[in-house]
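In: show me how the following folds:
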Amino acid sequence: MEELNIDASRLPSIFKAAEAWIKSLRSETETSPALVRLIECVGLKQDGIQVSIKLPIPASDERDPATPNELALARFVPMRMKRRGVEMRLIIDGDAAPGARVDLPLLNATARAYRRSNDLLAGRARSIGDIAKREHLTGRHVRRVMRLAFLAPKLVKAIAEGRQPADLTTVAMTHRIDLPPPHAPISSLLHKVG
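Out: Numbers count the residues shown, from 1 in each chain. Here you go, the predicted model:
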């Protein structure tokens, strides 16, 4: 604001205008027009997104004609792209906990694996073949999903909280990897969870 030669006494009216724009951005009907008016430039870079906006400054009676009528703001948001199954996902760095999203297919598959494992241990099913027949699935599919019943508790907790790595999916866990034997370290999965 000093660079633009804007008087500090105008701060309250600028903040009030910014609050009005925030309200417009949260409104379903006003979001698109507000974005079109505010966004000057969005640049996608290898390691993030550069966003430049121009915030309209409310006019004042004693405004100097040389004072601009917009406040230019820029922000760089660190980001990376991760393959997640067949899709690409943008991961905003530093946004893990508040915006964590539980991967429901992975969580459901993990729960099914635990239930099937418990059925075997409790004698409710005599074999994986019995489970496959009961659920109208192939034995191969049941064996693949059963791998999830043997994940480390720390990893299961991360899945339940939506903190698992972006590339950790049901397909990755049941089709593409071989889980290590019980005595082998699984640090390759756990170090991503933290």
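In: in a strand, that's where Leu137 is, yeah?
Out: No: per DSSP: H, G, I helix; E, B strand; the rest coil, Leu137 lies outside any strand segment and is coil.
In: which pLDDT value belongs to it?
Out: Note on Leu137: pLDDT of 92.
In: try Gly123
Out: With respect to pLDDT, Gly123 has a value of 90.
In: what do you get for the one 10 residues further on?
Out: Among the per-residue scores, Lys133 holds a pLDDT of 94.
In: can you list the buried residues in the helix or strand containing it?
Out: Using DSSP states H and E, Lys133 sits in helix 128-134. Neighbour counts over helix 128-134 (16 or more other C-beta atoms under 10 Å) mark 128, 131-132 as buried. Every residue, glycine included, has its C-beta placed from N, CA and C.
In: elements contacting the helix or strand Met81 falls within?
Out: Here Met81, judged by DSSP H and E, is contained in strand 70-84. If you count contacts as 3 or more C-beta pairs under 8 Å, 6 or more residues apart in numbering; DSSP states H and E, strand 70-84 packs onto strand 48-56, strand 87-92.
In: lowest-confidence stretch among these?
Out: Across the helices and strands packed on strand 70-84, strand 87-92 gives the lowest mean pLDDT, at a mean of 67.
In: with only the CA atoms kept, save whichever helix or strand comes after it in PDB.
Out: Downstream of strand 87-92, the next assigned helix or strand under DSSP H and E is helix 104-122. Coordinates of each C-alpha in helix 104-122 appear next as PDB, following Å, rounded to 0.1, in the frame of the first residue of the first chain:
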ATOM      1  CA  LEU A 104     -13.800 -43.700   1.200                       C
ATOM      2  CA  PRO A 105     -13.000 -46.600  -1.300                       C
ATOM      3  CA  LEU A 106      -9.700 -47.200   0.500                       C
ATOM      4  CA  LEU A 107     -11.300 -46.900   4.000                       C
ATOM      5  CA  ASN A 108     -14.200 -49.200   3.000                       C
ATOM      6  CA  ALA A 109     -11.800 -51.800   1.500                       C
ATOM      7  CA  THR A 110      -9.800 -51.800   4.700                       C
ATOM      8  CA  ALA A 111     -12.900 -52.300   6.800                       C
ATOM      9  CA  ARG A 112     -14.000 -55.200   4.500                       C
ATOM     10  CA  ALA A 113     -10.500 -56.700   4.900                       C
ATOM     11  CA  TYR A 114     -10.700 -56.600   8.700                       C
ATOM     12  CA  ARG A 115     -14.300 -58.000   8.700                       C
ATOM     13  CA  ARG A 116     -13.200 -60.900   6.400                       C
ATOM     14  CA  SER A 117     -10.100 -61.600   8.500                       C
ATOM     15  CA  ASN A 118     -12.200 -61.600  11.700                       C
ATOM     16  CA  ASP A 119     -14.700 -64.000  10.000                       C
ATOM     17  CA  LEU A 120     -11.800 -66.400   9.300                       C
ATOM     18  CA  LEU A 121     -10.400 -66.100  12.800                       C
ATOM     19  CA  ALA A 122     -13.800 -66.500  14.500                       C
END
